[in-house]
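Asks: A predicted structure for the sequence below; I have some questions about it.
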Amino acid sequence: MSGLDPDVAGLLGRDADGLVVAVVQDVATRAVLMVGWMNDEAVHRTLSTGRVTFWSRSRGELWVKGDTSGNRQWVREVRLDCDGDSLLVLVRVDGPACHTGDTTCFDARPLRAVVLGEQQRPGVEGLP
């Protein structure tokens, strides 16, 4: 049984496993640090303790970011997206977010993508 406020619980759009995705962002730099999953109890603990708590899909248990590594994330704000199916957790960080030691979990493997210039975007004067 979760301690999550029923009004908050009613706003969450969970997946088939009862989970909602949580995007964690550094409040100071606005860098996206990581993505994790939360069940109702993880959301409750994140909102009520000031520490980011996730649900580990592989281990089937709650875990608090930094309890093992020391790289803690301190909650500054939590926002729910317009559909209710994802959370944005703004944090102050102590150490890197990724288990690899990278600042964010998105540092290591950038993918090549076409990047359009302003003149190449559809709808810009002179272009379809």
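Replies: Nice, thanks for sending it over.

Asks: Tell me the helix or strand right after the longest helix along the chain.
Replies: In the chain, with assignment by DSSP state H, the single longest helix is helix 40-49. Counting by DSSP states H and E, the next helix or strand C-terminal to helix 40-49 is strand 53-56.

Asks: ok, that following strand: who's next to it in the sheet?
Replies: Here strand 53-56 is paired, per DSSP bridges, with strand 61-64 (antiparallel).

Asks: how about the strands in the protein?
Replies: 20-26, 32-38, 53-56, 61-64, 73-80, 86-93 (DSSP state E).

Asks: mind checking which of these is nearest residue 104?
Replies: strand 32-38 (4.8 Å; C-beta to C-beta). Every residue, glycine included, has its C-beta placed from N, CA and C.

Asks: Now do the closest one against helix 40-49: the angle between them, please.
Replies: Direction vectors for strand 32-38 and helix 40-49, defined by axes from the mean of the first three to the mean of the last three C-alpha atoms, to 10 degrees, enclose an angle of 130 degrees.

Asks: ok, the residue positioned nearest the centre of the chain - contacts?
Replies: Most central in the chain under C-alpha atoms, centre = their mean is residue 23, positioned 1.5 Å from the mean C-alpha point. Residues near residue 23 by C-beta atoms under 8 Å, 6 or more residues apart in numbering: 32, 35, 86-89.

Asks: Pairing partners for it in the sheet, please.
Replies: residue 35, residue 88.
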